[in-house]
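**Q** Structure for this input, please:
(one chain, ligands or ions: 1)
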Amino acid sequence: MRISGKSYIDGMGIREVCVEFDRVIRDVRSQCIPDLKLRDDELLLPGSIDLHVHVRGLKLSYKEDVSTATSEAVYGGVTLIGDMPNTDPYLNTVEAVTQKLREMERSRTDFVVYAGVGRETERIDRLPIAGYKVFPEDLEKPELKDVVSSSKLKILHPEIPLSLHGDRSMRMEWQELAAVRMIHGRFHVTHCTTNFTVELSKTMGFTTDLTPHHLLLEERDCLTKVNPPIRNLEIRRSLWNSLWTADAMVSDHAPHAYHEKRSHQDLCPPGIAGVSFTTPFIYSLVFSGAMELSRGVHLLSTGPARILNLSMGRIAENYVANFTVVRKENWRYSTSFSKVTQTPFDGYPLLARVSQTIVEGKVAFDGDEVYPVRGVNAVV
Ligand SMILES: [Zn+2]
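**A** Predicted coordinates:
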């Protein structure tokens, strides 16, 4: 297939090109007779990668399943998701990880799976997983040492539990420091809520990511309850500086059933479901002139591809043919394919809209419908 139009080419900026591809990009040249010509207001971009998604599935499929989560992802321009292990059963046994990998074969995006901390790490490490997610409570477990000695990626939740939210305190800083220093090797700090965490991680050689909700929202009800919690206005304002230094943007898509989110704020489960929000949000910053296109592409594609060590995130020969097409459009956000129909981003005004998503060389979303494209495990 050949697509022609305006495209972001690494190191060259926006170029009018023709991209020829099957499952991988075969050629990028200046002219051709295309199968598809993009509109003048559209941009062909490297496919977005979301390192941090809770697909749920297995016994939590009533909240979200592989097909609804990944349909929502392609609607939001996401071509690869990283699935977190805290489902039911927990992904810290060979059996559960194997079951999950099989379930993910229904994914409409490419994917990677992370395992949790447990007693079977040595055997789990031989399975095609991308790495491990270390939750705060895992820091106390003796089994953590096996995860630390794995050469795979370790993703750390660096901040204190939800019960201690509020103003940033000395205690929080110490806990962040202690948490970050526990782990060595390929190490990534996810959903940083403070500029301090991002800076501290960088000085230690760790990569970092941010979520849109920690930048944009205020905690006011169950819909905005999330872990780590949304910080106060001063911390949120300073977190915007991290948009220029962090390595990736993630959604931390964490769906719950309607009845669960309807319960009292003290009792309801934390989590915001916004896998389709991240890409239009970042490219809206680009279209508004607040952010360079190269920075937007880095946060959504090049940066996360580098963290996962994948041949993705660039429009160049031999890279996987995953693309996100965005166009300039004033619209208001809403979910479309997730089991979650209510998010705190609903109605948020955006300037960029995903008009097409291509996964493994096939159209997974055409601006209207999603298609049962088969994504692959990027670790295999
Ligand atoms: Zn999460």
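**Q** Tell me where the protein has helices.
**A** 66-75, 94-103, 121-124, 144-148, 170-181, 195-203, 212-216, 233-239, 258-261, 278-287, 293-297, 303-308 (DSSP state H).
**Q** Quick one: closest of those helices to Gln31.
**A** Checking the helices of the chain against Gln31 by Cβ to Cβ gives helix 293-297 as the closest, at 22.5 Å. Backbone N, C-alpha and C define where each C-beta goes, glycine included.
**Q** Residues touching that closest one, excluding its own?
**A** Applying Cβ atoms under 8 Å, 6 or more residues apart in numbering, the external contacts of helix 293-297 come out as 8, 10, 13-14, 45-46, 243-244, 282-283, 285-286, 313.
**Q** Buried residues of that helix, list them for me.
**A** By 16 or more other Cβ atoms under 10 Å, the buried positions in helix 293-297 come out as Ser294, Arg295, Gly296, Val297.
**Q** now stretch 316-330
**A** Across stretch 316-330, burial judged by 16+ other Cβ under 10 Å covers Tyr319, Val320, Ala321, Asn322, Phe323, Thr324, Val325, Val326, Arg327.
**Q** Contacts only, for the third one.
**A** What that stands for is Ala321. Shown in contact with Ala321 (Cβ under 8 Å, 6+ apart): Phe21, Asp22, Arg23, Val24, Ile25, Ile358, Glu360, Gly361.
**Q** which of the residues you listed has the most neighbours?
**A** Of all the contacts of Ala321, the most densely surrounded is Ile358 (25 neighbours; neighbours counted as other Cβ atoms under 10 Å).
**Q** ok so, going back, out of the contacts of helix 293-297, which is nearest to Arg126?
**A** For those, the nearest to Arg126 is Gly313 (26.7 Å; Cβ to Cβ).
**Q** Identify the residue spatially nearest to that closest one, adjacent ones excluded.
**A** Ala305 (3.1 Å; Cβ to Cβ, 6 or more residues apart in numbering).
**Q** which residues touch that neighbour?
**A** Pro46, Ile49, Ser311, Met312, Gly313, Arg314.
**Q** In PyMOL, select just the buried ones from these.
**A** To isolate in PyMOL the members of those that are buried, counting by 16+ other Cβ under 10 Å, one can use:
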select buried, resi 46+49+312+313+314
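**Q** what about Leu310, neighbour count?
**A** Applying other Cβ under 10 Å, I find that Leu310 has 19 neighbouring residues.
**Q** show me what contacts the residue nearest to it when sequence neighbours are not counted?
**A** Of all residues not flanking Leu310 in the chain, Ala378 sits nearest, at 5.3 Å (Cβ to Cβ, 6+ apart). Applying Cβ under 8 Å, 6+ apart to Ala378 gives the contacts Leu80, Asp110, Phe111, Val112, Ala130, Leu308, Leu310, Met312, Val320.
**Q** can you redo these as TSV with pLDDT and distance to Val250?
**A** Listed next are the contacts of Ala378 as TSV, based on pLDDT from 0 to 100; distance: Cβ to Cβ, whole Å:
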residue	pLDDT	distance to Val250
Leu80	98	12
Asp110	98	16
Phe111	98	14
Val112	98	13
Ala130	97	14
Leu308	97	12
Leu310	96	15
Met312	97	15
Val320	98	19
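**Q** what two of the residues you listed are the furthest from one another?
**A** Largest pairwise distance in those, by Cβ to Cβ, is 15.0 Å, between Ala130 and Val320.
**Q** ok, so what distance separates Gln31 from Asp138?
**A** 54 Å (Cβ to Cβ, to the nearest Å).
**Q** And Lys328, by the same measure?
**A** 44 Å.
**Q** Then Ser71?
**A** Ser71 sits 31 Å away from Asp138, going by Cβ to Cβ.
**Q** Please identify which of the two sits among more neighbours.
**A** A direct count of neighbours by other Cβ under 10 Å for Ser71 and Asp138 places Ser71 higher, at 25 against 19.
**Q** Could you double-check that that one sits in contact with Arg108?
**A** Yes: between Ser71 and Arg108 there is a contact at 5.8 Å, judged by Cβ atoms under 8 Å.
**Q** what sits in contact with each of the two?
**A** Shared contacts of Ser71 and Arg108 (Cβ under 8 Å, 6+ apart): Val370.
**Q** The most centrally placed residue in the chain bridge partners, please.
**A** Of all residues in the chain, the one closest to the mean position by Cα atoms, centre = their mean is Asp50, 2.0 Å from it. Beta-bridge pairing of Asp50 under DSSP bridges involves Ile81.
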